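1. okay, structure incoming, though there's no sequence with it:
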Ligand SMILES: [Zn+2]
């Protein structure tokens, strides 16, 4: 499917876990804003959450966590809050509270994730409704538990692990539900509806169009799904065909626009209720530092890698101009978005053939080998698994093979976008993917298995700790392993005849990787920069599409291929927007993976350049990796990073070091060009 190089593929689990940040500012803000809600916290004994009865599927009654014991009376959670009691809760009360939250969340999240799994692998109106009610039930619970947790703010002597779980709870909803039951239900339904609209999206070319006429001659399917359209974006070199495929897919999104605006309103309301300015502020709070410091850190990293991106952009634009002509691709100015081999111009490896530095040198036609050997989807996943077992990790559990969805079913609508799951939060690992035998997909598989092995390493921890050290870590782990999928390694698998030995071959390999990893960097920023502004109100609904293209041009140096207007909703044509998956994690993952790779290569005793290192089969490197993964989210991410790398700061220098040979080539090749846009 379109999923492309994995870095951006969705990890479902991560959608529900923003990472803890144990910094004081947010805590203080939350305290202040929760002042009134905090009154809830002194309810007594068990309480039944009335709202769970509101969902269509009527999940079983849910017990809220046991708050500090105040009296023997039982109250319904929907009832008026009890007056604050004089007796102060204790650190022991706090421990009992998080233990109860742990039990409750295990039940609720498992139920919700089962419903989501079924919905995404069998999209119907009914499964959509069941998924929505699962969301709603958990949202109702978490919203109330957050209010109750307020009781423990400032309680002395709370153990660090308990304090961290309390803080994580506050960040546990990516889309925070309002406390009003009707609004909560509406929000859950909007989310489900948008995800389904995306999954069902298709373009049916009119008979007289370029694609329609083409279809007439070989009687392909009447309507084209995203993976069909993505294939055209990647393989066609006809300007008009590319344009029609691009427009066709983007025409599926406007139907989401009103829904998105309403979703923003309700999500913001939920965020405010738990003490955040808006949803964007909540999303930026998951990084063990204040949101402003996080934004500054992201800017620092971007400024470090931007010169490398600029050189790649300059070189690629010149090559595309040669192919399509100066009237289509300007000498200066942004590149039309449909010419870069990808629906979102987020990774450009689809146009490798147009930019290959030394044609034919050290060619890595792994796709052909995979096809010739008729490697099945299961065979593809086995290849990925063998990498992890070579490092000393366990084999995938038997249930993985029984329960995963590895190819597109012929008889029903599914969400093919690759994702990794632990459905029962108990080593119930699965991937959901429509695998085709290509090198891209092989790398996506490494990425998704990276999520799965992360799940596997921490599934015995308290459920609030079952997440990456931050969400960029989760996205980066699989990619780190994929960096060890070197030509040498592929040759060992029989997927490559010879390892390129010349500098020319090496530059070709680096170019292919840069089209994925370097080209992606600004896109990794744009999605959330757009959403942060939408959520804060800086970008009103009347400027949704305009703001989108302003950011895409500013950061990526690309432009819409035709005139766009506010009748369009181009952000909705990207999975993570309707699916509410925060995106800056993928930018971070791109930076982290080279930092992780450098650290693991050092652990493995590698002394050469970074691009020649493979840790395949190295148990020392495997042990280092395992030590970090086992921490899950139980420690601030700089501590987790230190476990692996001995460093506590994100560092883009490993990425620059990795691509130094290519950078020199690009600079040399673009001497006569006017770079920039
Ligand atoms: Zn992922």
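-> Alright, I've got the coordinates. Note that this is a predicted model, so its numbers are computed, not measured. Residues are numbered from 1 along each chain as shown.
2. now residue 206: how far from residue 249?
-> 15 Å (Cβ to Cβ, to the nearest Å). Bear in mind the C-beta positions are built from the backbone N, C-alpha and C, glycine included.
3. of those two, which one has the most company?
-> In this view residue 206 and residue 249 are compared by other Cβ atoms under 10 Å, and residue 249 has more residues nearby, 26 against 10.
4. so the more buried one touches residue 229, yeah?
-> Yes. Contact criterion Cβ atoms under 8 Å: residue 249 and residue 229 qualify, at 4.8 Å.
5. any residues in contact with both of the two?
-> Counting by Cβ atoms under 8 Å, 6 or more residues apart in numbering, the shared contacts of residue 249 and residue 229 are 203, 343.
6. quick one: residue 500 is in a helix?
-> No. Assigned with DSSP: H, G, I helix; E, B strand; the rest coil, residue 500 falls outside any helix and is coil.
7. confidence score at it?
-> pLDDT, residue 500: 75.
8. what do you get for residue 493?
-> At residue 493, pLDDT is 86.
9. which residue packs closest to it, ignoring adjacent ones?
-> Once flanking residues are discounted, residue 493 sits nearest to residue 383: 6.6 Å by Cβ to Cβ, 6 or more residues apart in numbering.
10. show me what the mean pLDDT comes to for whatever helix or strand the one you found lives in.
-> Using DSSP states H and E, residue 383 maps to helix 377-390. Helix 377-390 carries an average pLDDT of 95.
11. for residue 408, see how far away residue 121 is.
-> Residue 121 is 10 Å from residue 408, by Cβ to Cβ.
12. how about residue 361?
-> 35 Å.
13. do residue 457 as well
-> Note on residue 457: its distance to residue 408, by Cβ to Cβ, is 30 Å.
14. repeat for residue 486
-> From residue 486 across to residue 408, the span is 30 Å (Cβ to Cβ).
15. ditto for residue 167
-> From residue 167 across to residue 408, the span is 41 Å (Cβ to Cβ).
16. between those two, tell me which one has more neighbours.
-> Comparing residue 167 with residue 408 by other Cβ under 10 Å, the one with more neighbours is residue 167, at 20 against 17.
17. in which helix or strand would I find that one?
-> Judged by DSSP H and E, residue 167 forms part of helix 160-170.
18. how about the helix or strand that that helix is followed by, which residues are buried there?
-> Past helix 160-170, heading to the C-terminal end, the next element that is a helix or strand (DSSP H and E) is helix 181-200. Buried residues in helix 181-200, defined by neighbour count with 16 or more other Cβ atoms under 10 Å: 181, 184-199.
19. and those residues near the ion, which?
-> Among these, not one lies near the ion by Cβ under 5 Å from the ion.
20. grab the nearest non-local neighbour of the closest residue to the ion within the stretch 451-600 of the chain.
-> Ranked by Cβ to the ion, the top residue of the stretch 451-600 of the chain for proximity to the ion is residue 475, at 4.8 Å. Closest residue in space to residue 475, ignoring its immediate chain neighbours: residue 589 at 3.4 Å, by Cβ to Cβ, 6+ apart.
21. can you classify that neighbour as helix, strand or coil?
-> helix.
22. so what's it scoring on pLDDT?
-> With respect to pLDDT, residue 589 has a value of 94.
23. got it, and residue 20?
-> For residue 20, pLDDT reads 27.
24. and what of residue 440?
-> At residue 440, pLDDT is 82.
25. again with residue 36
-> Looking at residue 36, its pLDDT is 26.
26. which helix or strand lies directly C-terminal to the helix or strand bottoming out on mean pLDDT in the chain?
-> For the chain, using mean pLDDT, DSSP states H and E, the weakest element among its helices and strands is helix 24-33, scoring a mean of 30. Later in the chain than helix 24-33, the nearest helix or strand by DSSP H and E is helix 91-121.
27. next secondary structure after that next one?
-> helix 125-149.
28. got the buried residues for that following helix?
-> 127-149.
29. same deal with stretch 253-264?
-> 253-254, 256-257, 259-261, 263-264.
30. tell me the contacts of residue 407?
-> 377, 434-435.
31. that older thread, now find how far off-centre the helix holding residue 383 is within its chain.
-> In terms of Cα atoms, centre = their mean, to the nearest Å, the centre of helix 377-390 is found 22 Å from the chain centre.
32. for whatever helix or strand comes next after that helix, what is the distance to the chain centroid?
-> Of the helices and strands lying after helix 377-390 in sequence (DSSP H and E), the nearest is helix 398-403. The chain centroid and the centroid of helix 398-403 are separated by 24 Å, computed with Cα atoms, centre = their mean.
33. just the residues contacting helix 398-403, thanks.
-> 378, 423, 428-431, 452.
34. how many residues are close by residue 180?
-> Other residues within reach of residue 180, judged by other Cβ under 10 Å, total 16.
35. quick one, phi/psi of it?
-> Backbone torsions for residue 180, taken as degrees, to the nearest 10, come to phi -70, psi 120.
36. that one and residue 423: what is the separation?
-> Computed as Cβ to Cβ, the residue 180 to residue 423 distance reads 30 Å.
37. and residue 450, by the same measure?
-> For residue 450, the distance to residue 423 equals 18 Å [Cβ to Cβ].
38. repeat that for residue 208.
-> Residue 208 is 46 Å from residue 423, by Cβ to Cβ.
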